[in-house]
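*Asks:* Show me how the following folds:
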Amino acid sequence: MATRPPRVTSTRRQPTTRATRRQPTLAQVYAPSWGRLPATPRPVTPAAPAVGGVPASAVAPAQYSLANLPPDASYDQQVALLQRQRDQQLAALVGERTRTLSDYGFQEGPNGALTFDPNNPFSKSAVMKKTFDTNRRSIAQSMGSGGQLYSGAFQNAQDLIGRNQLQSEDALQKNVLAFLARNTSQRAQALTGYETSAAQAEGDRIGRFQSNPLYDPASGADGTTSSTPPANQVPPTRAPSRASVAAALRRRARMTGARIGRI
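*Replies:* Numbering: from 1, shown residues only. Take a look at the predicted model:
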């Protein structure tokens, strides 16, 4: 008598003697990418419009750095003009210094030391020395022809010429030193005037940089843009969590099971 095969009356899985390969569930089969739900973009809530109809951003713009100011043509033009004026003043002072020292017959060495220029025979120093030497020889000849070459009057005349020469040389040297002091002071004033005017121009530039059409408050000091998104840009969506994925799989499995039962 043939035996009948066992009849299964329960839907619960029965234990087997060997492990079988686990088959995918219906939810995994019908779900795209094997159980991964497609990332749906989150709805974008437009920001409240600010004054003037421009949507306001929730993120405050980055603080603009004073070390990276926008280009300013007016400032560049003003600084270039100040530099040209400074260079012209310094060149004029250097030329006047060289010309005046040459007129007096001196040369300026290291550390401002003055020396007599013997290669300039028509300078004031050379002409003055030649004038006193000529006067000294003329008196010696006239007094020698009168027999007073070895008298006290000849020596007094020579001493008077020597004192006059020393007095004239002292006055000439004082004039040269006064000119050099004035020239040095004018050079310092030219440099100080440039620095003061340039600092004032820089202050004016900082005071008006916010009204500069090239000013972009969204850019930082390093040239990179801030994290403030544009008004029409969709923010990136976040990946769904595991709990939401599991709940969606359960809902889809129930829906798929219901369809199969109706079929």
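*Asks:* Let me see the ranges of the strands in the stretch 51-200 of the chain.
*Replies:* For the stretch 51-200 of the chain, the strands defined by DSSP state E, counting those that start in this stretch cover 106-108, 114-116.
*Asks:* what residues does the first one touch?
*Replies:* I take that to be strand 106-108. For strand 106-108, contacts defined as C-beta atoms under 8 Å, 6 or more residues apart in numbering pick out Arg97, Leu101, Leu114, Thr115, Phe116, Asp117, Ser123, Ser125, Val176, Leu180. C-betas here are computed from N, CA, C, even on glycine.
*Asks:* before we move on, what about the last one?
*Replies:* The contact list for strand 114-116, computed with C-beta under 8 Å, 6+ apart, reads Leu101, Gly105, Phe106, Gln107, Glu108, Gly109, Ser125, Val176.
*Asks:* pLDDT-wise, what's the bottom of these?
*Replies:* The lowest pLDDT within the contacts of strand 114-116 belongs to Gly109, with 84.
*Asks:* count of neighbours near that residue?
*Replies:* Neighbour count of Gly109, defined by other C-beta atoms under 10 Å: 9.
*Asks:* and if you look at Glu169?
*Replies:* Glu169: 14 neighbours (other C-beta under 10 Å).
*Asks:* give the contact list for it.
*Replies:* Ser125, Met128.
*Asks:* again with Ala140
*Replies:* Leu149, Phe154, Gln158.
*Asks:* tell me which of the residues you listed is nearest to Gly193?
*Replies:* Ranked by distance to Gly193 (C-beta to C-beta), the contacts of Ala140 are led by Gln158 at 52.5 Å.
*Asks:* quick one on the thing from earlier: show me which of the contacts of strand 114-116 are buried.
*Replies:* Buried members of these, counted by 16 or more other C-beta atoms under 10 Å: Leu101, Gly105, Phe106, Ser125, Val176.
*Asks:* who wins for neighbours among the contacts of Ala140?
*Replies:* Most crowded among the contacts of Ala140, counting by other C-beta under 10 Å, is Phe154 at 17 neighbours.
*Asks:* Report the contact partners of that one.
*Replies:* Contacts of Phe154 (C-beta under 8 Å, 6+ apart): Ile139, Ala140, Met143, Gly144, Gln148.
*Asks:* Now the last one. Nearest residue, chain neighbours left out?
*Replies:* Right, the one you point to is Gln148. Phe154 (5.4 Å; C-beta to C-beta, 6 or more residues apart in numbering).
*Asks:* Distance check, that neighbour against Gln167.
*Replies:* Computed as C-beta to C-beta, to the nearest Å, the Phe154 to Gln167 distance reads 21 Å.
*Asks:* so who does Asn135 touch?
*Replies:* Here Asn135 is in contact with Ile161 (C-beta under 8 Å, 6+ apart).
*Asks:* Could you report the pLDDT at it?
*Replies:* Note for Asn135: predicted pLDDT of 92.
*Asks:* just for this structure, where's the confidence low?
*Replies:* Counting by pLDDT under 70, the chain shows low-confidence ranges at 1-24, 26-66, 215-242, 245, 255-263.
*Asks:* try 80 this time
*Replies:* Across the chain, the ranges flagged by pLDDT under 80 are 1-70, 112, 148-149, 209-263.
*Asks:* quick check: longest helix of it.
*Replies:* For the chain, the helix with the greatest residue count under DSSP state H is helix 152-207.
*Asks:* Now, of the contacts of Phe154, which are buried?
*Replies:* The neighbour-count test (16+ other C-beta under 10 Å) marks Ile139, Met143 as buried among those.
*Asks:* List the buried residues for stretch 123-136?
*Replies:* So, applying 16+ other C-beta under 10 Å, buried residues of stretch 123-136: Ser123, Lys124, Ser125, Ala126, Met128, Lys129, Phe132.
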